[in-house]
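Q: next input, structure requested:
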Amino acid sequence: MRQIVLDTETTGLDWRNGDRVIEIGCVELVNRSLTGRHYHVYINPERGIDAEAVAVHGITEDFLADKPRFADVAADFEAFVRDAELVIHNASFDVGFLNHELSRLGRPALDALCAGVIDTLKMAKEQNPGKKASLDALCGLYQVDNGHRTLHGALLDAEILAEVYLAMTRGQESLIMALDEPAPGSMEAEAALGERPVLAVLRASEDELAAHAAVLQDIAKATKGQCLWLPPEPAEAEAGAA
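A: Prediction:
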């Protein structure tokens, strides 16, 4: 199972108003493990960047002036994400921007390129209704270290999101592992256990038995003889038999 955790940074909030992608960051998961492979690129948007956006990610027009255009990196981006399942926080935002960039070049949209999209924002709201679902909030909830995140950055956020996603879906991993494990008592399970160690049997001492009996008597007194761990009195037993 190949998954790509993806994030973007943009010139503004809405591609419909002409905003463009300026950074793409991706990290690869295979069978729920980070492989160390990643894709990261800064992109010249050929337009200005909103001041509010710069305040969020810190990427300026001067920094991007000598960077490639989306048309120059589209093929490499497609090659990295092709046939993978995408994991994105607030997926509609990033997918909308990337599909717009691809459509400008006459290239297929992400749904034709990838196996599907998991939106961790939607997942977080379903798992934790009423709680904040921002990436920072989820880092706190799942104890993922994000102390080095002072500004948004596509690759850094994708790396953090990968850890958050694995923490959010850890129960699914346990279920998969459980299904793969041999049934208790089966020949496969016995073989996996190998030579069993001898178990030590610790028996209660006389003092411990006496203390236990005293506790049971106290319970019987408090419940008027209704202590389940004591045998019924002889008269009660005979009445029950009659």
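Q: where along this structure do the helices fall?
A: With DSSP state H as the criterion, the chain has helices at 51-57, 61-64, 70-81, 91-104, 110-113, 120-127, 135-141, 154-168, 170-180, 187-193, 206-222, 234-241.
Q: with respect to residue 27, which of the ones you listed lies nearest?
A: Among those, helix 154-168 comes nearest to residue 27, with 5.0 Å by Cβ to Cβ. Where you see a C-beta, it was placed from the backbone N, CA and C, and this is true even at glycine.
Q: which residues are in contact with the closest one?
A: 5-9, 23-27, 29, 32, 34, 38, 40, 87-89, 118, 120, 123-124, 127, 135, 138-139, 142-144, 146, 148-149, 173 (Cβ atoms under 8 Å, 6 or more residues apart in numbering).
Q: show me this protein divided up by domain.
A: 2-180, 206-241 (automatic domain parsing).
Q: lowest average pLDDT across those domains?
A: Of all those, mean pLDDT reaches its minimum on domain 206-241 (a mean of 69).
Q: coming back round to it: which one of the domains of the chain is the most hemmed in?
A: Most buried of the domains of the chain by mean neighbour count (mean count of other Cβ atoms under 10 Å) is domain 2-180; its value is a mean of 16.
Q: ok, the residue nearest in space to the middle of the chain to residue 19 distance?
A: Closest to where the C-alpha atoms of the chain average out (Cα atoms, centre = their mean) is residue 165, at 2.2 Å. Distance, residue 165 to residue 19, using Cβ to Cβ, to the nearest Å: 26 Å.
Q: repeat that for residue 42.
A: Between residue 42 and residue 19 the computed distance is 16 Å (Cβ to Cβ).
Q: again, but for residue 6
A: From residue 6 to residue 19 the distance is 18 Å (Cβ to Cβ).
Q: could you do residue 90 as well?
A: For residue 90, the distance to residue 19 equals 15 Å [Cβ to Cβ].
Q: do residue 217 as well
A: Computed with Cβ to Cβ, the distance linking residue 217 and residue 19 is 78 Å.
Q: for residue 1, which of the helices of the chain is the nearest?
A: helix 170-180 (9.9 Å).
Q: identify the residue nearest residue 83 in space, chain neighbours excluded?
A: Excluding the flanking residues, the one nearest residue 83 by Cβ to Cβ, 6 or more residues apart in numbering is residue 115, at 5.9 Å.
Q: quick one: contacts for the one you found?
A: 83, 84, 85.
Q: now do 10 Å
A: When contacts are counted by Cβ atoms under 10 Å, 6 or more residues apart in numbering, residue 115 is found next to 1, 2, 3, 4, 81, 82, 83, 84, 85, 86.
Q: and if you look at residue 37?
A: Contacts of residue 37 (Cβ under 10 Å, 6+ apart): 4, 26, 27, 28, 29, 30, 80.
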